[in-house]
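[1] build me a model:
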Amino acid sequence: MRFTLMLSRGEHRHFQAIAQAAEASGWTSITIPDSLFFPRATESD
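    This is a model prediction of the structure:
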């Protein structure tokens, strides 16, 4: 079985360390969303 860890929030500078820890823990791959920038707040009517 293969497992993918999704990295969506957090500091990009931590992604390498997270990926290395995930690999050491048996995760097969990591993914990141196609947008690395998220708004601080959102509003809807």
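
[2] so residue 23, which of the three states?
    Secondary structure for residue 23, judged by DSSP: H, G, I helix; E, B strand; the rest coil, is helix.

[3] how about residue 5?
    strand.

[4] I'd assumed residue 24 was in contact with it.
    No. At 12.0 Å, residue 5 does not count as touching residue 24 under the criterion of Cβ atoms under 8 Å. The way it works is simple: take the backbone N, C-alpha and C, and place the C-beta from them, glycine included.

[5] who's in contact with residue 38?
    By Cβ atoms under 8 Å, 6 or more residues apart in numbering, residue 38 lies in contact with residue 9.

[6] more neighbours: residue 5 and residue 24, which one.
    residue 5 (15 against 8; other Cβ atoms under 10 Å).

[7] for that one, give the beta-bridge partners.
    Note on residue 5: beta-bridge partners by DSSP bridges are residue 30.
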